[in-house]
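Student: Fold the following.
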Amino acid sequence: LFDCASSDFDTFAYKVRSKIFRYAEKLVETCDLVGDRYGIPVVNKRISVSPIGTVGASFSRDEMVAACRVLDESAKEVGVDFIGGFGALVDKGMTPGEKNLIDALPEALAVTDRICSSINVGSTKAGINMDAVRLMGQRILDVAEATRDRDAIGCAKLVVFCNIPQDVPFMAGAYLGVGEPDVVIDVGVSGPGVVKKALDRLIEEKNNGRHITVDDVAETIKFTAFKVTRVGEIIGRDVAKELGIPFGVADLSLAPTPAIGDSVGEIFQALGLSSIGAPGTTAILAMLNDAVKKGGVFASSHVGGLSGAFIPVSEDAAIEAAARSGALTFEKLEAMTSVCSVGLDMIAIPGDTPASTIGGIIADEAAIGMINNKATAVRVIPVPGKTVGDVAVFGGLLGEAAVIRVPGGDSAGFVNLGGRIPAPIHGLKN
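Tutor: You can find the predicted model right below:
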């Protein structure tokens with residue numbers, strides 16, 4: 001949307017509506033047509049746009065809210081499920097426009113339905129912007145309060161990243177990076193249920209006398225990921241051809257849904273754990289993530305986005321059940337993020353959690369991403385009026401989750417220091 005930038009808001013709004021309609025008018029029907037052709041439905045159709053914190057650099061807070069409404073109305077007009085890109089890249093500093101966007105988040109996410117927002121606060125190259133971390137800790141609470149009547153659903157559409165990829169098609173992190181083409185088709189390929197069924201067949205062979213090791217497990221996951229990614233890329237390329245738009249990347253990420261049989265958590269049980277969260281969980285997740293990447297890379301000329309395994313608590317029936325029972329704790333989830341594709345995702349926490357605690361959680365997760373040169377993120381949902389054990393219901397693909405305990409202690413003194421955590425030494429490559 002950089003060619004839509006204007007200091008006159010009405011001009012900006014007109015250009016944005018026109019451009020989205022021009023390129024996405026037939027996106028949904030084309031996805032359905034191609035999906036029918038192959039007998040594999042394209043379940044979610046989404047749009048991501050250039051970061052509005054940059055495109056709307058001159059906008060006031062109120063204009064940022066209005067820009068959010070324009071994007072929401074455009075998404076509804078073309079019939080997509082979500083539109084991402086109402087976000088900012090502030091890992092090294094923050095412009096006045098980006099600050100206005102972050103300040104607009106509570107109202108913007110409360111008055112819209114299909115907007116997703118991502119804020120990048122750190123990177124291996126730049127370090128971690130602790131001023132942005134502190135601000136986001138408070139804004140997440142503000143968004144929760146603004147959407148209190150819907151169990152803080154606004155926070156389910158807001159994610160804080162470190163090392164955000166420019167081409168991720170999965171929400172809520174999707175945006176069109178500044179190095180991307182003007183318009184491009186990216187495809188997000190999932191399929192945890194397919195992987196689970198392949199592993200079930202492997203375990204059945206074991207029960208029938210075949211000697212099976214983790215080598216066989218990794219190979220099965222890799223081969224299944226290859227097949228799923230290959231099909232996804234073929235569909236993505238056909239959609240791009242039909243629309244006359246370049247094809248970008250395939251992102252193979254095992255992204256679960258609340259439906260039984262479409263769970264990442266069930267994979268852990270298939271491999272012999274009583275539930276996800278038991279000792280051995282991080283090892284299995286590391287193997288799963290690596291095998292998915294290897295299979296995806298072999299299947300596609302251009303793999304991008306996150307490409308790995310997601311662990312969104314409310315969106316996965318098995319993960320949510322483990323968290324609800326206490327088998328999967330906040331601390332274990334954080335340990336798992338060191339080897340998975342994203343981070344602390346779709347976790348309901350007590351509504352009275354202090355902003356500084358949320359800031360500390362963001363800082364910890366960003367540190368894992370910064371040091372390991374990988375994408376990490378935080379999408380926590382402090383549910384107003386609810387405490388540990390209460391249930392927050394978000395609906396649809398966002399599912400529901402029991403509120404879980406957050407680590408104790410006071411982070412305020414550290415988080416309020418502000419400044420920037422320096423980039424690690426291995427970030428200085430040139």
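Student: Check the burial of G244 by counting its neighbours.
Tutor: 8 (other CB atoms under 10 Å). No exception for glycine: its C-beta is placed from N, CA and C like everyone else's.
Student: What separation do you get for it and S58?
Tutor: Using CB to CB, to the nearest Å, one gets 33 Å for the distance from G244 to S58.
Student: unless I'm mixing things up, Y23 is touching I245, no?
Tutor: Yes: contact status for Y23 versus I245: in contact at 6.9 Å, counting by CB atoms under 8 Å.
Student: what touches both of those two?
Tutor: V183 (CB atoms under 8 Å, 6 or more residues apart in numbering).
Student: hmm, what's the outermost residue in this structure?
Tutor: G209 (40.8 Å; CA atoms, centre = their mean).
Student: Low-confidence regions, this structure specifically.
Tutor: Along the chain, the model assigns pLDDT under 70 to no residue.
Student: all strands of it, in order?
Tutor: Here the chain has its strands, by DSSP state E, at 46-48, 82-84, 88-89, 115-123, 127-129, 158-162, 185-189, 247-252, 344-350, 376-383, 391-393, 400-402, 420-421.
Student: can you redo those strands as a markdown table with mean neighbour count and distance to D36?
Tutor: Shown next, in a markdown table, are these (neighbours: other CB atoms under 10 Å; distance: least, CB to CB, whole Å):
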| stretch | mean neighbour count | distance to D36 |
| --- | --- | --- |
| strand 46-48 | 23 | 19 |
| strand 82-84 | 25 | 22 |
| strand 88-89 | 26 | 38 |
| strand 115-123 | 29 | 27 |
| strand 127-129 | 24 | 46 |
| strand 158-162 | 30 | 32 |
| strand 185-189 | 24 | 16 |
| strand 247-252 | 26 | 20 |
| strand 344-350 | 26 | 31 |
| strand 376-383 | 28 | 33 |
| strand 391-393 | 18 | 33 |
| strand 400-402 | 22 | 32 |
| strand 420-421 | 17 | 50 |
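Student: got these as TSV, with distance to R150 columns?
Tutor: Listed next are these as TSV, based on distance: least, CB to CB, whole Å:
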stretch	distance to R150
strand 46-48	21
strand 82-84	16
strand 88-89	24
strand 115-123	14
strand 127-129	30
strand 158-162	14
strand 185-189	25
strand 247-252	29
strand 344-350	13
strand 376-383	10
strand 391-393	9
strand 400-402	12
strand 420-421	34
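Student: With adjacent residues omitted, what lies nearest to D131?
Tutor: G418 (4.7 Å; CB to CB, 6 or more residues apart in numbering).
Student: what sits against that neighbour?
Tutor: Going by CB under 8 Å, 6+ apart, G418 touches 130-131, 134.
Student: Any idea what the nearest residue to A423 once chain neighbours are set aside is bridged to?
Tutor: Spatial nearest neighbour of A423, excluding adjacent residues (CB to CB, 6+ apart): G127 at 4.3 Å. Beta-bridge pairing for G127 (DSSP bridges): S123.
Student: Would you map the helices across the protein?
Tutor: 9-24, 27-38, 52-55, 61-78, 96-110, 130-146, 192-207, 214-243, 265-270, 281-299, 317-325, 330-336, 355-372, 412-415 (DSSP state H).
Student: From what I see, D32 and V42 are in contact.
Tutor: Yes: counting by CB under 8 Å, D32 does reach V42; the two are 6.9 Å apart.
Student: who's more crowded, these two?
Tutor: V42 (21 against 13).
Student: now the closest residue to the more buried one other than its chain neighbours: how far from P41?
Tutor: In space, and not counting its chain neighbours, V42 is closest to C31: 3.9 Å by CB to CB, 6+ apart. Going from C31 to P41 by CB to CB gives 9 Å.
Student: ditto for A309
Tutor: A309 is 22 Å from P41, where distance means CB to CB.
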